[in-house]
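[1] please find the sequence and the predicted model below.
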Amino acid sequence: MSLFNRRALLCLPMVLVACGFQPVYAPGGAGQALQNKVLVDEPDAVDGYLLTRRLEQRLGRSETPVYRLALVVATGQENLAVDQKGDILRFNLLGAADYTLIESATGRIVTSGSVDNFTGYSATGTTVATLAAERDARQRLMVLLGDQIVARLFTADLT
């Protein structure tokens with residue numbers, strides 16, 4: 001490792017402190033400010049349930065919520081690979097979620113936004129295997145969307 005690279009590596013912590021970097025789960029950090037303080041709206045479909053489950057895993061389940069998180073989830077499917085017989089062998093599962101974090105006491109919208117992502121699955125083998133692969137892809141997609149929402153919430157200005 002060159003001398004310049006070592007110096008840059010040693011200076012990195014000072015640069016992060018100087019720019020206002022603060023670990024998410026440090027005392028007073030955004031992770032602590034949201035932990036067990038967000039009530040996710042009741043889901044109305046399987047995708048909403050899976051997304052809510054992931055958000056509650058990451059943020060905790062609130063007994064006395066400070067914030068309410070409203071979600072709108074949409075999914076779609078895209079055919080990718082078709083064989084010579086016309087059978088579809090690969091699918092992409094597309095997902096998008098709009099979120100709004102609302103202060104419970106005042107009704108003030110703290111932050112809102114939208115995230116999207118996709119997962120894929122194969123349709124090879126039996127119908128049961130294909131359905132299991134689709135179910136797994138749906139669960140993975142909701143984990144991805146949930147993690148994206150949490151990352152955005154951690155960067156929100158909660159004041």
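    Arrived safely, thanks for sending.
[2] what's the helix or strand for Ala81?
    Under the criterion of DSSP states H and E, Ala81 resides in strand 67-82.
[3] got the CA positions of the helix or strand following that strand in PDB?
    Beyond strand 67-82 on the C-terminal side, the first helix or strand identified by DSSP H and E is strand 88-103. What follows is strand 88-103 as a C-alpha-only set of coordinates in PDB (Å, rounded to 0.1, in the frame of the first residue of the first chain):
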ATOM      1  CA  ILE A  88     -42.000 -18.500 -20.400                       C
ATOM      2  CA  LEU A  89     -38.900 -19.700 -18.500                       C
ATOM      3  CA  ARG A  90     -37.900 -16.500 -16.500                       C
ATOM      4  CA  PHE A  91     -39.900 -13.700 -14.900                       C
ATOM      5  CA  ASN A  92     -39.000 -10.400 -13.300                       C
ATOM      6  CA  LEU A  93     -41.200  -9.300 -10.400                       C
ATOM      7  CA  LEU A  94     -41.300  -5.500 -10.300                       C
ATOM      8  CA  GLY A  95     -42.300  -3.600  -7.200                       C
ATOM      9  CA  ALA A  96     -42.800   0.000  -6.100                       C
ATOM     10  CA  ALA A  97     -43.800   1.400  -2.800                       C
ATOM     11  CA  ASP A  98     -44.900   5.000  -2.000                       C
ATOM     12  CA  TYR A  99     -44.400   5.900   1.700                       C
ATOM     13  CA  THR A 100     -45.400   8.800   3.900                       C
ATOM     14  CA  LEU A 101     -44.100   9.300   7.400                       C
ATOM     15  CA  ILE A 102     -46.600  11.300   9.500                       C
ATOM     16  CA  GLU A 103     -46.200  12.700  13.000                       C
END
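[4] next, the buried residues of the helix or strand that strand 88-103 is followed by.
    Per DSSP H and E, the first helix or strand lying C-terminal to strand 88-103 is strand 109-122. Within strand 109-122, the residues that qualify as buried by neighbour count (16 or more other C-beta atoms under 10 Å) are Val110, Thr111, Val115, Asn117, Phe118, Thr119, Tyr121, Ser122. Where you see a C-beta, it was placed from the backbone N, CA and C, and this is true even at glycine.
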